[in-house]
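Trainee: Generate coordinates for the sequence data below:
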Amino acid sequence: MADENQTQKTNYIQRVIGIILCLLPLLIALIALAFGTKGKLPTNFGLVFLVLGLLVVVNNFYCSFIRWPLYYLIHRSKEGYRNVSGLPLFGEILITIGVVYDFGSIYSAALGIIAAFLNTGGSLWFLIATWRDKSLWDR
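Mentor: Next comes the predicted model:
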């Protein structure tokens with residue numbers, strides 16, 4: 001089985017489709033920033049989605065990078081520690097809805113870009129974490 005994975009050819013079409021899909025929320029935010037006008041503020045409706053999405057993004061980041069060191073600092077042991085998952089893709093979906101609804105607001109677009117990089121449960125981090133997994137990308 002290990003020999004199969006080593007001789008397996010790279011599926012470039014599948015990888016390109018994966019890259020496009022995973023980077024789509026970030027690209028939407030970048031396009032919104034490019035077409036943004038300086039004075040346009042986010043609407044209340046779009047702001048609700050952005051704030052809810054940012055709460056999920058902060059939770060995902062906390063679960064990925066802050067929770068374990070904080071637990072270890074308090075307990076000085078790994079004993080009793082349980083891994084938990086954030087909410088994958090939920091934050092990204094909410095942020096993307098907010099950015100699309102407020103298209104043209106540089107503030108919403110900037111929040112969307114920041115959230116894309118911080119959201120460890122998002123598609124950008126999925127792409128980074130699974131890129132070397134030939135069983136996923138090169139079937």
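Trainee: Got phi/psi on the residue nearest in space to the middle of the chain?
Mentor: For the chain, the residue sitting closest to the mean C-alpha position, by Cα atoms, centre = their mean, is residue 122 at 2.3 Å. The phi/psi pair for residue 122 (degrees, to the nearest 10) reads phi -90, psi 180.
Trainee: Now the element after the helix or strand of the chain with the lowest mean pLDDT, going C-ward?
Mentor: Every helix and strand in the chain was compared by mean pLDDT, DSSP states H and E; the lowest is helix 2-7, with a mean of 55. Moving toward the C-terminus from helix 2-7, the next helix or strand (DSSP states H and E) is helix 12-34.
Trainee: Please name every helix or strand in contact with the helix or strand following that next one.
Mentor: For helix 12-34, the following helix or strand on the C-terminal side (DSSP H and E) is helix 44-61. Helices and strands touching helix 44-61, as assessed by 3 or more Cβ pairs under 8 Å, 6 or more residues apart in numbering; DSSP states H and E, comprise helix 90-101, helix 106-118. (Each C-beta comes from the backbone N, C-alpha and C, glycine too.)
Trainee: Please tell me how far residue 48 sits from residue 94.
Mentor: Remark: distance between residue 48 and residue 94 (Cβ to Cβ, to the nearest Å) = 9 Å.
Trainee: ok, these two, which is more surrounded?
Mentor: residue 94 (22 against 15; other Cβ atoms under 10 Å).
Trainee: Give me the nearest residue to the more buried one, chain neighbours excluded.
Mentor: Nearest residue to residue 94, sequence neighbours excluded (Cβ to Cβ, 6 or more residues apart in numbering): residue 53, at 3.2 Å.
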